[in-house]
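# Sequence plus predicted model, see below.
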Amino acid sequence: MAQEKMLSGCAAAAQGAKFAEVEVICSFPIRPYTAIMMELARMVANGELDAEFIHGEGEHAQVSVALGASAAGARAYTGSSGVGVTYAFEVYSPAAGGRYPLQMAIADRTLDPPGDFGSEHTDAMSARDQGWLMGWAATPQEIFDNTLINYRVGEDPRVMLPQFVCQDGYFLSHISDKVILPDLAQVREFLPPYKAPHPLSPLCPVSHGPQIRPDQGAPMDAQRAITFLEVPKVIEEAIDDFNRIFGRHYDPFLEKYKMEDAEIAFFIQGAHANTCKAAIRHLRDQGVKAGMVRPRWIRPWPTTQIAEAFSQVKAIGTVESSTSYGGATRGGNLIHELRATLYDMGNRPLTTSFMAGLGGDVVLLEDFYYMAKILIQMVKEKKTHQLVYWVGFEGE
Amino acid sequence: MAIKVPKDREVPFGAITPAPVNQQELFITSNWRVFRPVIDHEKCTRCLTCYIVCPEPCWSFNEKEDQMEWNWKFCKGCQICIHECPADALSAVPELDFEDGVFRLEKPF
């Protein structure tokens, strides 16, 4: 029987892994994601979950263990936060290139400047170009669901790629909300057991991860690029099935909030979107036609869907929770790809970016009102004054 | 949008290949060799030191011919065998001295 529980983001991720019946888990502690492994360790110890639970000696080892387990044909699960995410960096590209559909939960955390443990997206965003599927959730329910959806998409024979399932540290990982835990039978219908096409097995020996020549590298890159062209179709199918089986109403790629008649819009990912929606309701009470688009995937980037969602909007502000020091706008990362997405549109909207939610900062309602004011001004003057605003840090 | 890998540049999915094989013909990796170890079978005492020290391993003993055999496809030219040979039977000869030297190939094999 499906049941409802109050779960934090971390507990929801652990439940997701349990319902996905993961076979190998590799842990190493770093807050805030650690609570996922605490939950899973408890489940394994209590006999709720039949999985190998391995303590890695670091994050590099964690992802390596998960890669090895996946190569042997197991459904593998690991995770990390902040500098842990970056310590494992070397293994990300081989995991994608070798086509191992392991899953890594990331409860994001600021990279050390030094020693900050608050939420910021920079840790995971740094790894966005390594050939993994990737996206942020906004609620504990979505984390649970994304855990299942990512395994389903990643293990699809047309895809075979690892997945980063991201959530905001603390704002989501340690905030409880109602989560519907489904029947295991429903999950099994949605997510069949993982069948590795060429597992490491003495019965049918294969060789993984050989040395290749430089002229064989580009074709390997092209393999992944071709796969990423296919992924959106697989995501659509998976979300269709998910919505049918679990009675949910996910858009495959974007959460669109009050976008029907929106003139100004926020482009934001992760849990700060919840505050954003509250701000939009208040703004609309005052007659401001505001809306929000939240990407559920960063990789693959939903290019056509984003362009479509913003086709009628006059000004967009990205809310950046990650840094791109010295980048094109001297701000965050979302704005780069948003501008690339919109560039060829006939009547393209004005765009700017807001640096907010960095280092663990809460993005307050007041911050969204400040951003809205700038967007309204841009619409009025039909002009972008600045490519980036550091919210709360703007000089004269 | 379409991306296509030309036929002559195709690689196996995920670079996963059948095993066990004596050598992985799909991934021949010695085109950066600068010096080639050349053996003097008269001096060679068949002590198998080269067989032991080669990191690849590219030296094997051919019992029928009663001599050591060198695998040109995977030898990177590290010269450890030359350095370790107690009988001084190996010498480093530049690849350019050979008709089939890897430097002379238009394509890497």
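Great, that's in hand.

# which residues touch whatever residue of the stretch 51-200 of chain A ends up closest to chain B?
Residue nearest to chain B within the stretch 51-200 of chain A (Cβ to the nearest Cβ): A:Arg99, separated by 3.8 Å. Every C-beta, even on glycine, is put in place using the N, C-alpha and C of the backbone. For A:Arg99, the contact set (Cβ atoms under 8 Å, 6 or more residues apart in numbering or on different chains) comprises A:Met160, A:Leu161, B:Phe13, B:Gly14, B:Ile16.

# my guess is the fourth one contacts A:Pro101, does it?
No. Assessed by Cβ atoms under 8 Å, B:Gly14 is found out of contact with A:Pro101, at 10.9 Å.

# which neighbours do those two share?
By Cβ under 8 Å, 6+ apart, B:Gly14 and A:Pro101 have these common neighbours: A:Met160.

# Between the two, which has more neighbouring residues?
Between B:Gly14 and A:Pro101, A:Pro101 has the larger neighbour count (other Cβ atoms under 10 Å in any protein chain shown), namely 25 against 20.

# Let's verify that one: helix, strand, or coil?
Following DSSP: H, G, I helix; E, B strand; the rest coil, A:Pro101 is assigned to coil.

# Leaving out chain neighbours, which residue sits closest to it?
Distance criterion Cβ to Cβ, 6 or more residues apart in numbering or on different chains; nearest residue to A:Pro101, sequence neighbours excluded, is A:Gly154 at 3.9 Å.

# The closest residue to A:Pro113 other than its chain neighbours: what secondary structure?
Among residues not flanking A:Pro113 along the chain, A:Gly359 sits closest, at 7.5 Å (Cβ to Cβ, 6+ apart). Under three-state DSSP, the three-state class of A:Gly359 is coil.

# Run through the residues that contact A:Gly359.
Contact partners of A:Gly359, counting by Cβ under 8 Å, 6+ apart, are A:Thr110, A:Pro113, A:Asp116, A:Gly118, A:Glu120.

# again, only using 7 Å
Going by Cβ atoms under 7 Å, 6 or more residues apart in numbering or on different chains, A:Gly359 touches A:Thr110, A:Asp116, A:Gly118, A:Glu120.

# likewise A:Ala95?
A:Val63, A:Leu67, A:Leu102, A:Pro162.

# try it again with 10 Å
Each residue near A:Ala95 by Cβ atoms under 10 Å, 6 or more residues apart in numbering or on different chains is listed here: A:63-64, A:66-67, A:70-71, A:76, A:88, A:101-102, A:104, A:130-132, A:161-163.

# Would you check how far apart A:Met6 and chain B are?
A:Met6 sits 41 Å away from chain B, going by Cβ to the nearest Cβ, to the nearest Å.

# how about the helix or strand where that residue lies: buried residues?
Here A:Met6 sits within strand A:3-8, counting by DSSP states H and E. Neighbour counts over strand A:3-8 (16 or more other Cβ atoms under 10 Å in any protein chain shown) mark A:Leu7, A:Ser8 as buried.

# Partner strands of it, with direction?
Strand pairing for strand A:3-8, determined by DSSP bridges: strand A:176-181 (antiparallel).

# Quick one: mean pLDDT for the strand it pairs with?
For strand A:176-181, the mean per-residue pLDDT is 97.

# Please compute how far it lies from its chain's middle.
Between the centre of strand A:176-181 and the centre of its chain there are 19 Å (Cα atoms, centre = their mean, to the nearest Å).

# Just after that strand, pick out the following helix or strand.
For strand A:176-181, the following helix or strand on the C-terminal side (DSSP H and E) is helix A:184-190.

# next helix or strand past that next one?
Moving toward the C-terminus from helix A:184-190, the next helix or strand (DSSP H and E) is strand A:206-207.

# Quickly check: that following strand near chain B or not.
Yes. Strand A:206-207 is in contact with chain B by Cβ under 10 Å from any Cβ of the partner chain, via A:Val206, A:Ser207.

# Show me what that strand packs onto, helices and strands only.
Strand A:206-207 sits against strand B:17-18, with contacts defined as 3 or more Cβ pairs under 10 Å, 6 or more residues apart in numbering or on different chains; DSSP states H and E.
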